[in-house]
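S.K.: coords below, sequence missing:
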């Protein structure tokens, strides 16, 4: 079933998974899930320059995960959840597969006779 | 709540998301969800050399997504679902967030007066 699944949004998923492949960017997403943040605020928990933080924000923007509103010198970032939902959907299609494996393992464990007495 | 979540398996998630950030590798995972495949079989749907396919398999292996059993010259690959489940868990923690957004949008749409007559 999974083999014949058509893959939509191929290039967009590339960008989303690439953006997620970095712990700093995942932390930024976590911050943004709490509400709008400026780039300065996003950079605060990390030992990095504003320029370095801004590069990470750009990767998130290109992946469609962050929207940036420019107000003079202040750049306010907010989270766009659509691409996260797409990545989640892709992974969810394999959920059945790993559940099957767990069920099979459980089946094996419960069907084997419990002999501890020799 | 999400802000205070501790992130485990930091480097392992980096590798898993990096491995998923390529449509060829995602297709390979799809093939492997159907059962064991040799590297030759995995390379077949793509216009690429066996060496190029092997590089992709190596990225999947490093991320812990693929186990390779070597039998003479035949390399049999199978899918390891644990890392997929971890990536899925990370994304799932944001599910509540995007559902909230959808609920808020739905609330706005249903509460606004439906006036089409002037």
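M.R.: Perfect, thanks for sending it. Quick caveat: nothing in here was measured; it's all calculated off a predicted structure. Residues are numbered from 1 along each chain as shown, chains lettered A, B, ... in the order given.
S.K.: and the helix or strand where residue A:41 lies, which residues are buried?
M.R.: Element membership for residue A:41 (DSSP states H and E) is helix A:39-43. By 16 or more other Cβ atoms under 10 Å in any protein chain shown, the buried positions in helix A:39-43 come out as A:39, A:42, A:43. The way it works is simple: take the backbone N, C-alpha and C, and place the C-beta from them, glycine included.
S.K.: neighbours around the residue lying closest to the second one once chain neighbours are set aside, how many?
M.R.: The reference is to residue A:42. Excluding the flanking residues, the one nearest residue A:42 by Cβ to Cβ, 6 or more residues apart in numbering or on different chains is residue A:28, at 5.1 Å. Residue A:28 has 28 neighbours, counted by other Cβ atoms under 10 Å in any protein chain shown.
S.K.: what's near enough to touch residue A:58?
M.R.: Contacts for residue A:58 (Cβ atoms under 8 Å, 6 or more residues apart in numbering or on different chains) come out as none.
S.K.: Looking at it now. What's its pLDDT?
M.R.: Looking at residue A:58, its pLDDT is 96.
S.K.: gap between it and chain B?
M.R.: From residue A:58 across to chain B, the span is 16 Å (Cβ to the nearest Cβ, to the nearest Å).
S.K.: my read is that residue is in a strand, agree?
M.R.: No - per DSSP: H, G, I helix; E, B strand; the rest coil, residue A:58 lies outside any strand segment and is helix.
S.K.: Contacts only, for residue A:17.
M.R.: A:87, B:17, B:18, B:20, B:21.
S.K.: Just the ones of those in helices?
M.R.: A:87, B:17, B:18, B:20 (DSSP state H).
S.K.: Next, count neighbours for the third one.
M.R.: The number of residues packed near residue B:18 is 18, by other Cβ under 10 Å.
S.K.: Can you pull up the most central residue in chain A?
M.R.: Most central in chain A under Cα atoms, centre = their mean is residue A:20, positioned 5.0 Å from the mean C-alpha point.
S.K.: From residue B:63, how far off is the residue nearest to residue A:22 when sequence neighbours are not counted?
M.R.: Spatially, and ignoring its direct neighbours in sequence, residue A:22 is nearest to residue B:14 (6.3 Å; Cβ to Cβ, 6+ apart). According to Cβ to Cβ, to the nearest Å, residue B:14 and residue B:63 sit 9 Å apart.
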